[in-house]
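Peer 1: this one's sequence-less:
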């Protein structure tokens with residue numbers, strides 16, 4: 001096969017590969033953007049619904065206000081538990097089982113929330129008033145179960161934090177003791193060095209200078225003066241000359 005054909009085929013393969021990769025990246029980006037938009041819309045819808053329920057629970061009197069309060073309590077408890085379990089599962093894998101239980105509980109919570117929402121539009125208020133005790137009991141069971149999961153996760157996280165803090169405190173105490181021991185040893189070495197320096201200074205001061213000019217000659221144990229190394233101040237007189245002594249003639253070199 002010609003080399004030019006191979007180059008063309010290779011270029012086409014690379015082109016299709018780049019096109020496929022670009023299409024895949026575009027699909028992923030569109031999907032991520034769509035999920036972000038969906039989360040934003042869902043969060044905005046929840047905020048509007050929560051605000052509406054708060055207004056109804058405070059502004060309406062009777063069955064409508066009670067239904068709104070039940071929905072608000074249910075949604076607040078379930079959302080707080082979901083956030084606590086999801087956050088805790090990122091660092092504690094054992095909470096994944098709790099998340100599975102919460103998903104099962106959420107199914108009952110959604111069913112109850114939909115029922116309460118339908119009853120808000122029910123024109124027969126007397127029938128709704130008769131159903132309120134059962135609705136309160138179901139809401140209490142679900143919220144209590146959710147709170148039990150939430151507080152168990154928080155207690156577990158707190159125990160982990162306390163255990164980690166205790167271990168850290170013990171390590172810091174051991175390190176502090178080691179530092180104190182080293183400091184005391186260093187102080188002892190400094191004290192020994194200072195004592196040695198003082199001893200050397202005292203020994204040097206005890207060795208005084210030798211006898212100076214004019215000092216008395218040393219005496220032995222019996223009070224006699226020893227020989228002096230200093231030169232005599234008055235040199236000895238010359239020997240006397242007698243008349244019968246012949247003069248010494250100088251030697252001649254002849």
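Peer 2: That came through, no problem. Note that the coordinates shown come from a computational prediction; the quantities given were computed from them, not determined experimentally. Numbering: from 1, shown residues only.

Peer 1: so the most centrally placed residue in the chain: helix, strand or coil?
Peer 2: Of all residues in the chain, the one closest to the mean position by CA atoms, centre = their mean is residue 168, 10.2 Å from it. Recorded secondary structure, residue 168: helix (DSSP: H, G, I helix; E, B strand; the rest coil).

Peer 1: residue 66: which element?
Peer 2: In this assignment (DSSP states H and E), residue 66 forms part of helix 63-89.

Peer 1: buried set for that helix?
Peer 2: 63-75, 77-78, 81-82, 84-85, 88-89 (16 or more other CB atoms under 10 Å). (Glycine included, C-beta is placed from N, CA and C.)

Peer 1: same thing with stretch 148-165?
Peer 2: 149, 150, 153, 157.

Peer 1: what packs against the host helix or strand of residue 184?
Peer 2: Assigned by DSSP H and E, residue 184 belongs to helix 125-206. Using 3 or more CB pairs under 8 Å, 6 or more residues apart in numbering; DSSP states H and E, the elements in contact with helix 125-206 are helix 63-89, helix 95-120.

Peer 1: out of the ones you listed, the one nearest residue 50 is which?
Peer 2: The minimum distance between residue 50 and the helices and strands packed on helix 125-206 falls on helix 63-89, with 6.8 Å, by CB to CB.

Peer 1: what is the mean pLDDT for the closest one?
Peer 2: Mean pLDDT, helix 63-89: 92.

Peer 1: just the angle between that helix and helix 95-120, please?
Peer 2: Between the axes of helix 63-89 and helix 95-120, defined by axes from the mean of the first three to the mean of the last three CA atoms, to 10 degrees, the angle is 170 degrees.

Peer 1: helix 63-89 versus helix 125-206: what angle between them?
Peer 2: Using the same axes, to 10 degrees, helix 63-89 lies at 30 degrees relative to helix 125-206.

Peer 1: elements contacting helix 63-89?
Peer 2: helix 3-59, helix 95-120, helix 125-206.

Peer 1: format those helices as JSON lines; extra columns: mean pLDDT.
Peer 2: Formatted as JSON lines, these follow (pLDDT from 0 to 100):
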{"stretch": "helix 3-59", "mean pLDDT": "72"}
{"stretch": "helix 95-120", "mean pLDDT": "93"}
{"stretch": "helix 125-206", "mean pLDDT": "84"}
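
Peer 1: tell me the most buried of the ones you listed?
Peer 2: Mean neighbours per residue, mean count of other CB atoms under 10 Å, is largest over these for helix 95-120, with a mean of 15.

Peer 1: list the helices and strands that one packs on?
Peer 2: By 3+ CB pairs under 8 Å, 6+ apart, helix 95-120 packs against helix 63-89, helix 125-206.

Peer 1: could I get those as TSV with distance to residue 95?
Peer 2: Listed next are those as TSV, based on distance: least, CB to CB, whole Å:
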stretch	distance to residue 95
helix 63-89	4
helix 125-206	6
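
Peer 1: among those helices, which is nearest residue 116?
Peer 2: Once the helices and strands packed on helix 95-120 are compared by CB to CB, helix 63-89 is nearest, at 4.8 Å.

Peer 1: can you pull the domain assignment for the chain?
Peer 2: 10-58, 60-176 (automatic domain parsing).

Peer 1: turn the ones you listed into JSON lines, including distance to residue 188.
Peer 2: Output for the domains of the chain, formatted as JSON lines (distance: least, CB to CB, whole Å):
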{"stretch": "domain 10-58", "distance to residue 188": "67"}
{"stretch": "domain 60-176", "distance to residue 188": "19"}
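
Peer 1: closest to residue 183 out of these?
Peer 2: Taking CB to CB, domain 60-176 is the member of these nearest to residue 183, at 10.5 Å.

Peer 1: now do that closest one: distance from first to last residue.
Peer 2: Distance across domain 60-176, first residue to last, is 64 Å (CA to CA, to the nearest Å).
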